[in-house]
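**Q** Return a 3D structure for these sequence lines:
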Amino acid sequence: YISMALFGGKKSKKSKVITEIEQILSDADTYLKNGNTEKSASEYRRAHRYLYREEKVTDDPDEFSELYTRTGHGLFETGEPDRAIECFDKATQLMPDNVDAWLSRGMVHLSNKTMLNYAVMCFSEVLKRYPNSVEALENKAEALTLDSRDDEAKEIYQKLMEINPSRKADYASKLGDEVP
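**A** Just a heads-up that it's a prediction; the model follows:
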């Protein structure tokens, strides 16, 4: 008995799995781009099932985190926010620095206007890594406002006026201030 891992058996299996999932996602993206939402949704669900079935085959968490993130984007685009959140959760478990997955998960919570505390947490995870991320700051402020946490939102809008002066008037209006 010879271990397949010695001869790259496991590695080629991993590559095959990743390649197959990437192909499913590419097909799904193409269907979505061409307006075939039903077929794209079906392919994103297929990628989702494949990922959950195959992930133990690999020890490449970064690659799989990216695949989960791509799948989550597709599922969200095709109207499956709960499955999208599952994917973004798994992506951040595999790769805690996956800023795209944190931001995307926060966006799903924000767009549903549910579990706004989770949206805030997700945007905070992005801000731990990129404290001046305008996108994360804007979304966090919106989530805080929707969650009636106006004082915290105001602090963020004030920070945004400093780091993104081109939108100062927009942020001031959110604060209820006039900008000369």
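**Q** Setting the sequence-adjacent residues aside, check what's closest to Ser65.
**A** Across the structure, with CB to CB, 6 or more residues apart in numbering as the measure, the residue nearest Ser65 apart from its sequence neighbours is Met95 (3.6 Å). C-beta here means a position set from N, CA and C on the backbone, and glycine is covered the same way.
**Q** Compute the number of surrounding residues for that neighbour.
**A** The burial count assigned to Met95 is 19, neighbours taken as other CB atoms under 10 Å.
**Q** where does it fall, phi/psi-wise?
**A** phi -140, psi 90 (degrees, to the nearest 10).
**Q** got a list of what it touches?
**A** Met95 makes contact with 61-62, 65-66, 101, according to CB atoms under 8 Å, 6 or more residues apart in numbering.
**Q** same thing with Arg167?
**A** For Arg167, the residues meeting the contact criterion (CB under 8 Å, 6+ apart) are Leu160.
**Q** Next one: it relative to Ser111, how far apart?
**A** 21 Å (CB to CB, to the nearest Å).
**Q** All the helices of this structure, residue numbers only.
**A** Read by DSSP state H, the chain holds these helices, from start to end of the chain: 9-33, 37-54, 61-77, 81-94, 99-112, 116-129, 134-146, 150-163, 168-175.
**Q** packing partners for the last one?
**A** Spelled out, it's helix 168-175. Using 3 or more CB pairs under 8 Å, 6 or more residues apart in numbering; DSSP states H and E, the elements in contact with helix 168-175 are helix 150-163.
**Q** and for the helix it packs on, what are the contacting residues?
**A** 132, 134, 137-138, 140-142, 144-145, 167-168, 171-172, 174-175.
**Q** Point out the other helices and strands that the lowest-mean-pLDDT helix or strand in the chain packs with.
**A** Taking all helices and strands of the chain together, the one with the lowest average confidence (mean pLDDT, DSSP states H and E) is helix 9-33, at a mean of 82. With contacts defined as 3+ CB pairs under 8 Å, 6+ apart, the packing partners of helix 9-33 are helix 37-54, helix 61-77.
**Q** Give the buried residues for it.
**A** Buried residues in helix 9-33, counting neighbours by 16 or more other CB atoms under 10 Å, are found at 14, 17-18, 21, 24-25, 27-29, 31-32.
**Q** likewise stretch 142-162?
**A** 142-145, 147, 153-154, 156-157, 159-161.
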